[in-house]
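Chemist: just need the structure, nothing else, for what follows:
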Amino acid sequence: MPASEQIAAELTADEAPFDLESLFRAQYQRIAALIARVVRDHARAEELAVEVFLKLSRDRKAQSENVEGWLYRAAVRVGLDELRRKTRRQRYEALFGLARAAPTPEEIHAAAEEREKVRQVLSAIASRQAELLLLRSEGLSYLELASALHLNPDSVGTLLSRAQQAFRKEYIKRHGKQN
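Modeler: Model prediction:
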């Protein structure tokens with residue numbers, strides 16, 4: 001007996017095969033429009049709507065008499081998941097600087113000028129203060145600063161504050177108001 005006849009024989013009169021194709025044709029536009037209202041991107045909404053129907057095709061429990069309700073719930077959830085994913089991605093890109101466009105030649109030039117100003121000021125202040133500022137800018141903790149520069153750990157905060165004040169005073173003296 002061929003496989004198609006065997007499947008038909010196994011189905012009883014109440015168990016009609018699930019017709020995903022006709023449901024897709026009838027509901028796809030509405031599901032895509034619902035998702036588009038959530039994600040505000042029609043092209044992405046169409047892709048997500050296809051994913052919803054793909055999930056439906058894999059979930060036998062969802063293929064029940066309330067399949068349209070399942071579709072709408074799944075569409076909303078997929079849309080919200082997409083929003084969360086997009087928000088997370090934007091946050092991580094901002095943290096890692098991936099979202100930033102390439103700097104313009106003017107920005108590159110301005111940054112180089114600012115670095116040169118900072119070098120000039122660092123060379124003009126006391127070497128201990130310059131060392132403190134440079135090491136702190138590299139992310140060293142107060143305890144690490146004390147160890148590296150042979151300082152009392154309790155005085156690092158005060159010395160660092162004085163170094164920042166000296167830097168600010170020298171910068172203003174040489175280059176005017178700090179940006």
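Chemist: beyond whichever strand or helix holds Gln29, next helix or strand please.
Modeler: According to DSSP states H and E, Gln29 maps onto helix 20-39. Sequence-wise, the next helix or strand downstream of helix 20-39 (DSSP H and E) is helix 42-58.
Chemist: helices or strands next to the helix holding Gln29 in the packing?
Modeler: Contact partners of helix 20-39 among helices and strands, from 3 or more C-beta pairs under 8 Å, 6 or more residues apart in numbering; DSSP states H and E: helix 42-58, helix 67-96. From N, CA and C alone the C-beta is placed, and that goes for glycine too.
Chemist: pull the residues that contact that helix.
Modeler: 42, 45-46, 48-49, 52-53, 56-57, 63, 67-68, 71-72, 75-76, 78-80, 82-83, 86 (C-beta atoms under 8 Å, 6 or more residues apart in numbering).
Chemist: kindly give a single ChimeraX line that selects the buried subset of those.
Modeler: Buried residues within the contacts of helix 20-39, by 16 or more other C-beta atoms under 10 Å, are selected in ChimeraX with:
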select :45,46,48,49,52,53,56,63,71,75,76,78,79,82
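Chemist: name the nearest residue to Glu82, ignoring sequence neighbours.
Modeler: Excluding its sequence neighbours, the residue lying closest to Glu82 (C-beta to C-beta, 6 or more residues apart in numbering) is Val39, at 5.0 Å.
Chemist: count of residues packed around the one you found?
Modeler: Using other C-beta atoms under 10 Å, Val39 has 19 neighbouring residues.
Chemist: with only the CA atoms kept, save the helix or strand hosting Gln165 in CSV.
Modeler: Secondary structure assigned from DSSP H and E places Gln165 in helix 156-175. What follows is helix 156-175, C-alpha atoms only, in CSV (Å, rounded to 0.1, in the frame of the first residue of the first chain):
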residue,chain,number,x,y,z
VAL,A,156,45.7,58.2,46.6
GLY,A,157,42.3,59.9,46.3
THR,A,158,43.7,63.2,47.6
LEU,A,159,46.8,63.1,45.4
LEU,A,160,44.6,62.2,42.3
SER,A,161,42.3,65.1,43.0
ARG,A,162,45.2,67.5,43.3
ALA,A,163,46.7,66.1,40.0
GLN,A,164,43.4,66.7,38.3
GLN,A,165,43.2,70.2,39.6
ALA,A,166,46.8,70.9,38.5
PHE,A,167,46.0,69.5,35.0
ARG,A,168,42.9,71.6,34.7
LYS,A,169,44.7,74.8,35.8
GLU,A,170,47.6,74.2,33.4
TYR,A,171,45.2,73.3,30.5
ILE,A,172,43.3,76.5,30.9
LYS,A,173,46.5,78.6,31.3
ARG,A,174,47.8,77.2,28.0
HIS,A,175,44.7,76.6,25.9
